[in-house]
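A.B. asks: sequence and predicted structure, then a few things I'm wondering about:
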Amino acid sequence: MKIKISLIALISIVGQFIYAQNSIPVIKSTSKKIDIRDGKNLKKQGWNISPELNPDVYETSSLGQKVTFITDKDSISIKIKKDTKFNFIVLLNDSIKANTQIKYKLPYLDKLKNAEKYNYSDNRFIPKFEYQSIDNPNLIKIRKDLKLDSIAGTGNEISKILNLLHWVHNIIRHDGSSNNPILKNAIDLIKVCKTENRGVNCRMMATILNECYLSIGIKSRYITCMPKETEFDDCHVINMVYSNDLKKWVWIDPTFDAYVMNEKGELLGLSEVRERLVNGKTLILNPEANWNRKNSQTKEEYLETYMAKNLYRLQTPLVSEYDTETWKIGKEITYIELLPLDGIEQTPQKKEETNTKTSVKFINYKTNNPNLFWTEPTK
């Protein structure tokens, strides 16, 4: 009798184990690329099956909406809740299992709101920002060879700033996966794009535009906009351009041909855009904002999602000049990083590293004080 009971118990346990294993949903596919419908947004071939990851996690902020994975043979949907961690298997060619998970994550805008606070009393030393003179021979060459006086036009300062923005956006194709050329200055970058029929990433586009502004006497820097995480696979680089007429920095993005305004149509700078995102104030994206003259941008996707992720930490070179990004032997370059108080790596405040391959020395300063980071250039 005891043996029979034990045998029944064993069968029951085995049955539960088999059921638990079989309870994980399975969808089939013959292609490694899968479409994803995330809420109302359909991402064609937006997911690559990666069997080597266990699980391969798709994160979404579409609370209360459905996420659907669509293969060439199957589909599966889940309504997203705050505790969603939905596991399933994608079976590739009836043989390869890819353990996959759909997981809820806090929206980037909510993360940014947690990073509102700075320390305006932070008086730790950072060097003074510098801007190369319009009389520099390399900048003179850029202005003449690229005919920038004609491109900028004879209008007011803002019209010149926007004319150069549109020009760089239209002559250079953005390609975020491209390798950076060896020579990273405006003339050589434009040349390599034309001769090789290629694009460059956002950092190189901002580098080109930065040197164009400097060459006509407009103070500018390029800004690396980063998420909170110190390890990431995506960030964005734009320009901060100082308008003497407006007496302020303005947001200029050559990758998306974008600038940002308030409800009065006044141009805004990075610090103003960030503050308005955090506090839910009105932001207007210029209507012609686009990616590679193909995909129009909306305020929701560009500012409230993409840039909300990348406005956590900001970094800029101390000296804005020609050929900043070309790594020459023995070169020294200094960066200043602005962090909110809840940033992950607050120390060391100053760090020096030398690249063993190029012998380029990098010096990095950190500050929590926006006033030091956004200081106005001297005339």
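C.D. replies: Sure thing, it's come through. Numbering: from 1, shown residues only.

A.B. asks: report the contact partners of the residue nearest to residue 341 when sequence neighbours are not counted.
C.D. replies: Spatial nearest neighbour of residue 341, chain neighbours left out: residue 117 (4.7 Å); criterion: C-beta to C-beta, 6 or more residues apart in numbering. C-betas here are computed from N, CA, C, even on glycine. When contacts are counted by C-beta atoms under 8 Å, 6 or more residues apart in numbering, residue 117 touches 340-342.

A.B. asks: let me have those residues in CSV, extended by neighbour count.
C.D. replies: Formatted as CSV, the contacts of residue 117 follow (neighbours: other C-beta atoms under 10 Å):
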residue, neighbour count
340, 22
341, 12
342, 13
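
A.B. asks: show me which of the residues you listed is closest to residue 147.
C.D. replies: When the contacts of residue 117 are ranked by distance to residue 147 (C-beta to C-beta), residue 340 comes first, at 42.0 Å.

A.B. asks: quickly find the element holding that closest one.
C.D. replies: Residue 340 belongs to no helix or strand when assigned by DSSP states H and E.

A.B. asks: likewise residue 42?
C.D. replies: strand 41-48.

A.B. asks: mind jotting down where the strands sit in the stretch 251-379 of the chain?
C.D. replies: For the stretch 251-379 of the chain, the strands defined by DSSP state E, counting those that start in this stretch cover 260-261, 284-285, 290-291, 295-296, 313-317, 319-320, 332-338, 350-354, 361-367.

A.B. asks: could you tell me the least trusted of those strands?
C.D. replies: The minimum mean pLDDT among those belongs to strand 295-296 (a mean of 92).

A.B. asks: which residues touch it?
C.D. replies: Taking C-beta under 8 Å, 6+ apart as the rule, strand 295-296 contacts 289-290.

A.B. asks: off-centre distance for it?
C.D. replies: The chain centroid and the centroid of strand 295-296 are separated by 17 Å, computed with C-alpha atoms, centre = their mean, to the nearest Å.

A.B. asks: toward the C-terminus from it, list the very next helix or strand.
C.D. replies: Downstream of strand 295-296, the first helix or strand assigned by DSSP H and E is helix 299.

A.B. asks: so for that next one, what's the average pLDDT?
C.D. replies: For helix 299, mean pLDDT is 96.

A.B. asks: what helices or strands is it leaning on?
C.D. replies: Contacting helix 299 under the criterion 3 or more C-beta pairs under 8 Å, 6 or more residues apart in numbering; DSSP states H and E is no other helix or strand.

A.B. asks: sorry, back to before: turn the strands of the stretch 251-379 of the chain into TSV, columns for mean neighbour count.
C.D. replies: What follows is these, written out as TSV (neighbours: other C-beta under 10 Å):
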stretch	mean neighbour count
strand 260-261	22
strand 284-285	19
strand 290-291	16
strand 295-296	12
strand 313-317	21
strand 319-320	19
strand 332-338	18
strand 350-354	12
strand 361-367	18
